[in-house]
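J.: Pasted the sequence and its predicted model underneath.
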Protein chains: 2
Amino acid sequence: MGTLLDGKVVAASLKEETLKAAKELREKGIAPKLTIVRVGANPSDLSYERGALKRMEGCNIDTEVKELPEDITQEDFIKALKEVNEDKNTHGILVFRPLPKQLDEEVIKYVIAPEKDVDCFSPTNVAKVMEGDATGFAPCTPTAVMEILSYYNVDLKGAKSVVLGRSMVVGKPVAMLLLGQNATVTITHSKTKELPAVCAEADVLIAAIGRAKMVTSDYVKEGAVVVDVGINVDEEGKLCGDVDFADVENKASMLTPVPGGVGSVTTSVLAKHVIKACTLQNK
Amino acid sequence: MGTLLDGKVVAASLKEETLKAAKELREKGIAPKLTIVRVGANPSDLSYERGALKRMEGCNIDTEVKELPEDITQEDFIKALKEVNEDKNTHGILVFRPLPKQLDEEVIKYVIAPEKDVDCFSPTNVAKVMEGDATGFAPCTPTAVMEILSYYNVDLKGAKSVVLGRSMVVGKPVAMLLLGQNATVTITHSKTKELPAVCAEADVLIAAIGRAKMVTSDYVKEGAVVVDVGINVDEEGKLCGDVDFADVENKASMLTPVPGGVGSVTTSVLAKHVIKACTLQNK
């Protein structure tokens, strides 16, 4: 089989880089800090939060969790978010989404301070991702994809990349990031005709369509690099990606596992983004 | 040869639609108005302005030109732009770009009121284009491409579309608009390997790379729809597009001329956007 693209190895490398930067900031008297804004106590939010807090601790980044009541009004939520915006000790803000129904994300996304918005909630950062403006923050998941490709020295310049999925959390931003590395980028989706054949032209295939094991070997060119962003549960109740790993592993030259692939890198990207935000805010 | 995609015919159809909407607004006592903000008197700005003013007049849209001195300071420019933002009679604002060097577009783009920003200067509109949010305003040129495809009933659903060029004024936004119509979208550029072959896979090819007559018949699949966004000057000093028209016309099933193609539709889109802005502001 091909090379396993090991998310944990990439995360460890990012941790080293982030720790070094955190140390330099602290030597200047600046303590990088992430504030998490969580409404209610959704189990998946809590699970991600545990991982994120542990990662920040490992990267020497301070944290605070602002837990807000499940039934908070929009007015109170905005007030709370503005307080975090204005908190001089907070450099990065992560707001768990989706927010409860009474909170209008279409309004709130304009409230979060773009320079602290480390997971691309603000339209200002969405625009920067499209523009390829490096002062912005792309969402953590597509950035994790790019970190994995970079760590394993995948040459993207002129490469044929195909993105399967067109969501705002992965598909579209990863397409823009790949374009920023001079890849040729094709965005495919459920309406794409001859989808397996189109994917099978890719030198680099990013699967982010959210359907368990959909990407079988007929979607993959011999020797392609395959990054699996999916997190699904298979018919046996086991965690699996969008890629049928067993079917693809002997065809791809490089392949991420699920779990242990992209998902293992997202909180490391979050840490890197907090450091970046902190550095930019203290220039 | 294939069908000529005639920009003037599309413009005439848009004019009819816009006139009808303008009439309905005026019957409610609302006079749709575009304010153009121009710094200095650049000949190409003046030329576009003449076309735009004529088009607005034909569409029963009021206009005002705010001409500002070439050496205006950033502070004064921002003050002037804010006045237009706050002018209740102005529904759409067009700022000619690029602005002179002393004016920082990276600052100013955040000043223009997004709801009046009819040519996608504001990051809020850039983000809406990426999100496929129909309340936003895509830039006029890529929207003109879509209007032409729509007028000539080009079926985009699942179609293989290839965009040649990745600028923020055409390539990237047109890719997002095509995606919004369920096309499969490939974004190519100067670093794309085997560029002619990649383009020759397109059912719909959008040429927006800014190089005179670069797209020859080897870039075009037999029967493809080809939209030429380029405005260049050839070796004889004549206006020409990115497509070598004479070489491609017998291979494409549909093809825009230059001039008389996309460029003939942009001011009609501008008029349509002013009407849309006016309607949204008076809901």
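T.: Structure received.
J.: Tell me the spatial nearest neighbour of A:Glu64, not counting adjacent residues.
T.: Nearest non-adjacent residue to A:Glu64, counting by C-beta to C-beta, 6 or more residues apart in numbering or on different chains: A:Thr35, 4.7 Å away. C-beta here means a position set from N, CA and C on the backbone, and glycine is covered the same way.
J.: Next: A:Phe96.
T.: Counting by C-beta to C-beta, 6+ apart, the residue nearest A:Phe96 is A:Asp45, at 4.4 Å.
J.: again, but for A:Ile78
T.: A:Val111 (5.5 Å).
J.: Same question for A:Leu177.
T.: Nearest to A:Leu177 is A:Met146, by C-beta to C-beta, 6+ apart, at 5.0 Å.
J.: Check A:Val10 too.
T.: A:Tyr151 (4.5 Å).
J.: And the nearest residue to A:Lys116 once chain neighbours are set aside, how close does it get to A:Leu164?
T.: In space, and not counting its chain neighbours, A:Lys116 is closest to A:Ile93: 4.6 Å by C-beta to C-beta, 6+ apart. According to C-beta to C-beta, to the nearest Å, A:Ile93 stands 30 Å off from A:Leu164.
J.: ok, which residues in chain A are in contact with chain B?
T.: Within chain A, the positions near chain B by C-beta under 8 Å from any C-beta of the partner chain are A:110, A:123-124, A:126-131, A:157-160, A:166, A:168, A:172, A:175-176, A:179, A:182, A:184-189, A:191-193, A:198.
J.: Selecting buried members of the residues you listed in PyMOL, what would you type?
T.: A single PyMOL command is used to select the members of the residues of chain A next to chain B judged buried by 16 or more other C-beta atoms under 10 Å in any protein chain shown:
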select buried, chain A and resi 110+123+124+126+127+128+129+130+131+158+159+160+166+172+175+176+179+182+184+185+186+187+188+189+191+192+198
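J.: Surely A:Asp244 touches A:Val215?
T.: Yes - contact criterion C-beta atoms under 8 Å: A:Asp244 and A:Val215 qualify, at 6.3 Å.
J.: So the two - more neighbours on which side?
T.: Remark: of A:Asp244 and A:Val215, A:Val215 carries more neighbours, 26 against 19, as counted by other C-beta atoms under 10 Å in any protein chain shown.
J.: Surely that one and A:Asp228 touch.
T.: Yes - using C-beta under 8 Å, A:Val215 is in contact with A:Asp228, at 7.5 Å.
J.: Any chance you could list residues touching both of these two?
T.: Taking C-beta atoms under 8 Å, 6 or more residues apart in numbering or on different chains as the criterion, A:Val215 and A:Asp228 both touch A:Ala207, A:Asp242, A:Val243.
J.: Compare those and tell me which is most surrounded.
T.: A:Val243 (31 neighbours).
J.: which residues does that residue contact?
T.: Taking C-beta under 8 Å, 6+ apart, one finds A:Ala207, A:Lys213, A:Met214, A:Val215, A:Val226, A:Asp228, A:Gly230, A:Leu255, A:Val258 in contact with A:Val243.
J.: Neighbours of A:Gly29, how many?
T.: Quick note: A:Gly29 (other C-beta under 10 Å) scores 7 neighbours.
J.: hmm, back to that, A:Pro69 versus the residue nearest to A:Lys116, what's the distance?
T.: From A:Ile93 to A:Pro69 the distance is 19 Å (C-beta to C-beta).
J.: quick one on the thing from earlier: want to try TSV for the contacts of A:Val243, with secondary structure as columns?
T.: As requested, the contacts of A:Val243 are exported to TSV (DSSP: H, G, I helix; E, B strand; the rest coil):
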residue	secondary structure
A:Ala207	strand
A:Lys213	coil
A:Met214	coil
A:Val215	strand
A:Val226	strand
A:Asp228	strand
A:Gly230	coil
A:Leu255	strand
A:Val258	coil
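J.: Farthest pair within those residues?
T.: Greatest spatial distance among these (C-beta to C-beta): A:Met214 and A:Leu255, at 15.0 Å.
J.: And the two? Which one has more around it.
T.: More crowded of A:Met214 and A:Leu255, by other C-beta under 10 Å: A:Leu255, with 25 against 18.
J.: if you skip the residues just before and after it, what's nearest to that one?
T.: Nearest non-adjacent residue to A:Leu255 (C-beta to C-beta, 6+ apart): A:Val226, at 4.7 Å.
J.: Next, A:Ala246: secondary structure please.
T.: A:Ala246 ends up helix, using three-state DSSP.
J.: What count of nearby residues applies to it?
T.: A:Ala246: 11 neighbours (other C-beta under 10 Å).
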